[in-house]
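**Q** predicted coordinates and the sequence they were generated for:
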Amino acid sequence: MTRNVAARDVVVTGIGCVTPLGIGLEASWQAALAGRSGVGALTRFEAEGFAVRIAAEAPRELDLSDVPDKEARRLDRTIALAVVSAREAVTAAKLEIDDRNRTRVGVAVGSGIGGLESLERGVELLNKSGPRRVPPFTIPMTICNMPSGYLAIRHGAQGVNLCHVSACATGAHSIGEAARCIERGDADVMLAGGCEAPITKLGLAGFAAMRALSTRNDEPAAASRPFDRNRDGFVVGEGAAVLVLESEEHARARGATVLAHMLGYGASGDAVHIAQPTPDGEGAQRCMRLALEDADLAPGDIDYLNAHATSTPAGDSSEANAIRGVFGAHVDSLPVSSTKSMTGHLLGAAGAVEAAFCIKALETGRIPPTTNLDDPEPECALDHVAHEARSAPMRTVLSNSFGFGGTNAALIFGKA
């Protein structure tokens, strides 16, 4: 999977996000550096009878003032989160999309589940009032590719329009595959990332039925505790992040500010189990090695690793084993943190938000912490950045994303 020598270099010129830590990249980043938790008691609906009554909710009110009122009222929350994130990213990149370039600007924004809120509302009306009462926008607001499609409509981007659906690796796969489109010349610019709004009755009940969620209802801020001996599952969260990717040649020609270089991308499959990784993380190891090979880097070249680590017993130990398997002797001096300790698990948006945090780490020389890591699991021994942010010189960073179905993605970014 070595990079084609003729492939174009890809850079990041804009970032936007909405997370449980705040609206906008800077608000989310500052909260992450401060170790602030975005997890709290569930407010979205009455959770009586639910085993899990906590979630990582993003701010409810979103600025959709630039969307016609009629459209804004029917948008699923998944799409609305993507709209706000993409607007920030395009504005930050100072990207103008017009008749001169619109066929060369594409979109690749995925969702792991799609418009679950719209689906539930449609089913409720179907059961209560019959088929004629089901809203006509139920299907368009539910399908996973609508965030990509709607963003293209909003911004007039007529280039390649993609939707990657790979569970918790969705955001990372979307960024990696969007970069491939630019490398091979299919597009000059891509809006890439992920979005998710799974905090619904069905979403919460479904994950709880799998015994995947933390039941630490009485202390929500302490519930997400990656790599900790007392972790008992992840906290479901919502959010979105969109990156503006460009060929470096295109970005330089229009005078754009380069935030980071997209250096490497790896993807692999476990082909073992629908939800559980192997103890040694063999698939994750291959994924990271492919990303290093793609970037033409050695393990010792990575200065920080943002772990997928969701706070599940099996997942965190498997990833820790995979990291040790790939980085060997370098692992003792490789800072590792999981920002899911603060954001909760944003599912299809997680990889995109964590890519954004990695780029901010490169820019600021600051590594966000893993909070709640009070008693590290011995099997998860790494150079953990626990409790407080750490300052460190960084030139290259790696972000892991792994999903149900055994799907894996790893992204490597380089300092601008």
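**A** Structure received.

**Q** output the below-cut-off pLDDT ranges for the chain.
**A** Per-residue confidence of the chain (counting by pLDDT under 70) places the weak regions at 1-6.

**Q** the domain parsing of it - what is it?
**A** Domain ranges of the chain: 11-253, 264-415, per automatic domain parsing.

**Q** I'd like the ones you listed as CSV, with mean neighbour count appended.
**A** C-beta here means a position set from N, CA and C on the backbone, and glycine is covered the same way. Conversion of the domains of the chain to CSV gives the following (neighbours: other CB atoms under 10 Å):
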stretch, mean neighbour count
domain 11-253, 21
domain 264-415, 22
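
**Q** next, work out how far apart Asp63 and Leu81 are.
**A** Here Asp63 is placed at a distance of 12 Å from Leu81 (CB to CB, to the nearest Å).

**Q** one more: Pro59?
**A** Separation of Pro59 from Leu81 (CB to CB): 10 Å.

**Q** spit out the residues that contact the two alike.
**A** Residues touching both Pro59 and Leu81 (CB atoms under 8 Å, 6 or more residues apart in numbering) are Val18.

**Q** helix or strand for Met190, which one?
**A** Using DSSP states H and E, the secondary-structure element containing Met190 is strand 189-196.

**Q** SS state for the nearest residue to Leu81 once chain neighbours are set aside?
**A** Leaving out its chain neighbours, the residue that sits closest to Leu81 by CB to CB, 6 or more residues apart in numbering is Ala240, at 3.7 Å. The three-state label given to Ala240 by DSSP: H, G, I helix; E, B strand; the rest coil is strand.

**Q** circling back: now for Asp63 and Leu81: what residues contact both?
**A** A shared contact of Asp63 and Leu81, defined by CB under 8 Å, 6+ apart, is any residue touching both; here there are none.

**Q** pull the contacting residues for the nearest residue to Gly171 once chain neighbours are set aside.
**A** Counting by CB to CB, 6+ apart, the nearest residue to Gly171 once its immediate chain neighbours are dropped is Gly194, at 2.8 Å. Taking CB under 8 Å, 6+ apart as the criterion, Gly194 is in contact with 109-112, 170-172, 174, 240-241, 346, 348-353.

**Q** from those residues, which land in helices?
**A** Counting by DSSP state H, those place 170-172, 174, 350-353 in helices.

**Q** could you dump those residues into a markdown table with distance to Asn408 added?
**A** Below are the ones in helices among the contacts of Gly194 laid out as a markdown table (distance: CB to CB, whole Å):
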| residue | distance to Asn408 |
| --- | --- |
| Thr170 | 12 |
| Gly171 | 13 |
| Ala172 | 9 |
| Ser174 | 14 |
| Ala350 | 13 |
| Gly351 | 11 |
| Ala352 | 16 |
| Val353 | 18 |
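
**Q** and these, which is closest to Thr278?
**A** Using CB to CB, the shortest approach to Thr278 within the ones in helices among the contacts of Gly194 belongs to Ala172, at 19.6 Å.

**Q** any idea how far Gly24 is from the closest one?
**A** For Ala172, the distance to Gly24 equals 21 Å [CB to CB].

**Q** ok, Ala251 next?
**A** 22 Å.

**Q** what do you get for Asn101?
**A** 26 Å.

**Q** can you map out the helices along the stretch 1-150 of the chain?
**A** Using DSSP state H, counting those that start in this stretch, the helices assigned to the stretch 1-150 of the chain run over residues 25-33, 69-74, 77-93, 116-129, 138-142, 146-155.

**Q** how about those, which one is nearest Val189?
**A** Closest to Val189 of the helices of the stretch 1-150 of the chain, according to CB to CB: helix 77-93, at 8.5 Å.

**Q** name the helices or strands packed onto that closest one?
**A** In terms of contacts (3 or more CB pairs under 8 Å, 6 or more residues apart in numbering; DSSP states H and E), helix 77-93 is packed against strand 10-19, helix 116-129, helix 146-155, strand 189-196, strand 239-247.

**Q** CA atoms of the second one as PDB?
**A** Backbone C-alpha positions of helix 116-129 (Å, rounded to 0.1, in the frame of the first residue of the first chain) are rendered in PDB as follows:
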ATOM      1  CA  LEU A 116     -32.000   7.600  14.000                       C
ATOM      2  CA  GLU A 117     -34.200  10.400  15.500                       C
ATOM      3  CA  SER A 118     -36.100  10.800  12.200                       C
ATOM      4  CA  LEU A 119     -36.500   7.000  12.000                       C
ATOM      5  CA  GLU A 120     -37.900   6.700  15.500                       C
ATOM      6  CA  ARG A 121     -40.300   9.600  14.800                       C
ATOM      7  CA  GLY A 122     -41.500   8.000  11.700                       C
ATOM      8  CA  VAL A 123     -42.100   4.600  13.400                       C
ATOM      9  CA  GLU A 124     -43.900   6.300  16.300                       C
ATOM     10  CA  LEU A 125     -46.300   8.100  13.900                       C
ATOM     11  CA  LEU A 126     -46.800   4.900  11.800                       C
ATOM     12  CA  ASN A 127     -47.800   2.900  14.900                       C
ATOM     13  CA  LYS A 128     -49.900   5.700  16.400                       C
ATOM     14  CA  SER A 129     -51.700   7.100  13.400                       C
END
